[in-house]
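Student: Mind looking at a prediction? Sequence and model below.
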Amino acid sequence: MQFLRIRHSRTEKRGPVSLDPEILPPTPHDAGSEEGGLSSAGAALAIVPRGAEFLPASQQGDPMHETDRMVEEYIRASKAPATQRAYLSDWKHFVGWCEKSGLLSLPAVPGTVARYITDLAKPGDGAKPRRPATIIRRLTSINRMHKIEKFASPASLNNNPGVADTLHGIQRRLGMKQQRKEPLTRERIVEVLKVLDGPIAAARDKALVLIGFAGALRRSELAAMRFEDVTWHRKGITIHLPRSKTDQEARGRTIEILWGVHKQTCPVTALENWLKISQVREGLVFRSVGRHGSIGKGLHPNSIGKLIKRLVKKTTLGSPDLYGGHSLRAGFVTEASANGATDLQIMKQTGHTSAEMVHRYARADQEDKQTAMSKLGL
């Protein structure tokens, strides 16, 4: 499942619909008209690998056959697996929505897309409106699939002013503010460490929380951390990250984690203890722990966010929904900034290429302090 061809059992294709109110396609009750039914209803998805179709055909034994095979592999590697899964998930959602609405999904018309993102932006059946960032990603996925099938995209904002105006209206109405996770600062982490239980799981959780905080690591980086990528030295440890979210070309980077001042909160000591108890000597560092203390396979990035929420729930830090895997990384930025670290020093640890995120958490920390002071009644 890399590049994907989406095949539909089609009836006739309805011609393009003009813009304006005109950007809207015929409504579902027109589906049975003599002009041709809307083909997405009841369409079946058949997903097959998408290769390098621009190359001349080559057969086994041809001098270029092995090269062509490598070209296909490189094309498939151009998008991260998570990105490809997101494209497919988004596309399936769009196709399902079109089927329920009696509208054609491939090729779709701009009005279908405008209706779709409008539906995404409104609450219904207990669901919250999708965030503008999610809606933009859905448009990207629709663009992608139409490009693969060599259709003009109905979701391109440059070529479809009606869709662009609809999206801009959604952004103005809902706002573009991201839902930022609360940072787990040092003080909050101390509270989390107090609620750890089950000796083996506690050792893992303590190492994961402290390494994630001290290294400003993402969930994916914690989950992918390998024993072979950790170098021990006099001052602490160096962790080599072969690839991260913003390093799709796998240039890699290293982070330094020093011995802590206090044994109870020292990340290096916590990692040493977990490796000793778990007997991990190769492969993934952070692994699942069974009910009876058995060590299992590596943790999935999503399970790290759930683990943080579960630990916070046992504390008095507030709703666990406010916290997640990103809280460790955000906590590093907040704490380091509050204690005088420069933007450049912070960015070297986090891997950020812009100081914008550093400033965002610094401002949030300042606002929290101002809010607290305002309640003193002075």
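Tutor: Sure thing, it's come through.
Student: Please enumerate the helices of the stretch 101-250 of the chain.
Tutor: Assigned by DSSP state H, counting those that start in this stretch, the helices in the stretch 101-250 of the chain fall at 110-121, 132-148, 161-174, 186-193, 199-214, 219-224.
Student: Mind checking these for the one nearest to Tyr323?
Tutor: helix 186-193 (8.7 Å; Cβ to Cβ). Backbone N, C-alpha and C define where each C-beta goes, glycine included.
Student: Just the angle for the closest one relative to helix 199-214, thanks.
Tutor: On the basis of axes from the mean of the first three to the mean of the last three Cα atoms, to 10 degrees, helix 186-193 is oriented at 170 degrees to helix 199-214.
Student: if we can go back for a sec, of the helices of the stretch 101-250 of the chain, give the one that comes closest to Lys313.
Tutor: Nearest to Lys313 among the helices of the stretch 101-250 of the chain is helix 186-193 (10.4 Å), distances taken as Cβ to Cβ.
Student: Am I right that Trp259 is in contact with Leu271?
Tutor: No. The criterion here is Cβ atoms under 8 Å, and Trp259 misses it with Leu271 at 10.9 Å.
Student: Please say which of these two ends up with more neighbours.
Tutor: Set side by side, Trp259 and Leu271 show more neighbours around Leu271, with 26 against 13, by other Cβ atoms under 10 Å.
Student: part of a helix, is the more buried one?
Tutor: Yes. Checked against DSSP: H, G, I helix; E, B strand; the rest coil, Leu271 lies within a helix.
Student: From Gly169, how far out is the closest residue to it other than its chain neighbours?
Tutor: Excluding the flanking residues, the one nearest Leu271 by Cβ to Cβ, 6 or more residues apart in numbering is Ala207, at 4.7 Å. For Ala207, the distance to Gly169 equals 48 Å [Cβ to Cβ, to the nearest Å].
Student: of these two, who's got more company?
Tutor: Between Ala207 and Gly169, counted using other Cβ under 10 Å, the more crowded position is Ala207 (24 against 13).
Student: pLDDT score for the more buried one?
Tutor: Per-residue confidence at Ala207 stands at 95 (pLDDT).
Student: list the contacts for it?
Tutor: Neighbouring residues of Ala207 by Cβ atoms under 8 Å, 6 or more residues apart in numbering: 267, 270-271, 273-274, 286.
Student: Now the terminal residues of stretch 143-163, how far apart.
Tutor: 12 Å (Cα to Cα, to the nearest Å).
Student: quick one: buried residues of it?
Tutor: Neighbour-count burial for stretch 143-163 flags 143-146, 148-149, 153-157, 160, 162-163 (criterion: 16 or more other Cβ atoms under 10 Å).
Student: which among these gets closest to Ala201?
Tutor: Arg144 (40.9 Å).
Student: returning to what we had before: nearest to Asp62, out of the helices of the stretch 101-250 of the chain?
Tutor: With Cβ to Cβ as the measure, helix 132-148 is the member of the helices of the stretch 101-250 of the chain nearest Asp62 (25.9 Å).
Student: in the host helix or strand of Val95, what counts as buried?
Tutor: Under the criterion of DSSP states H and E, Val95 resides in helix 81-101. By 16+ other Cβ under 10 Å, the buried positions in helix 81-101 come out as 84, 86-88, 90-91, 94-95, 97-99, 101.
Student: sorry, back to before: just send the buried residues of stretch 143-163 back as JSON lines, with distance to Pro301 and pLDDT too.
Tutor: Listed next are these as JSON lines, based on distance: Cβ to Cβ, whole Å; pLDDT from 0 to 100:
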{"residue": "Asn143", "distance to Pro301": "26", "pLDDT": "88"}
{"residue": "Arg144", "distance to Pro301": "23", "pLDDT": "85"}
{"residue": "Met145", "distance to Pro301": "26", "pLDDT": "86"}
{"residue": "His146", "distance to Pro301": "30", "pLDDT": "89"}
{"residue": "Ile148", "distance to Pro301": "27", "pLDDT": "80"}
{"residue": "Glu149", "distance to Pro301": "31", "pLDDT": "83"}
{"residue": "Ser153", "distance to Pro301": "31", "pLDDT": "89"}
{"residue": "Pro154", "distance to Pro301": "33", "pLDDT": "92"}
{"residue": "Ala155", "distance to Pro301": "28", "pLDDT": "90"}
{"residue": "Ser156", "distance to Pro301": "31", "pLDDT": "88"}
{"residue": "Leu157", "distance to Pro301": "31", "pLDDT": "87"}
{"residue": "Asn160", "distance to Pro301": "35", "pLDDT": "90"}
{"residue": "Gly162", "distance to Pro301": "38", "pLDDT": "90"}
{"residue": "Val163", "distance to Pro301": "32", "pLDDT": "91"}
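Student: per-residue confidence for Ser294?
Tutor: Confidence at Ser294, expressed as pLDDT, is 89.
Student: The helices of the stretch 101-250 of the chain: which one's closest to Thr67?
Tutor: helix 132-148 (22.8 Å).
Student: which helices and strands sit right next to the closest one?
Tutor: For helix 132-148, the packing partners by 3 or more Cβ pairs under 8 Å, 6 or more residues apart in numbering; DSSP states H and E come out as strand 3-7, helix 81-101, helix 110-121, helix 161-174.
Student: Good, we can wrap up now.
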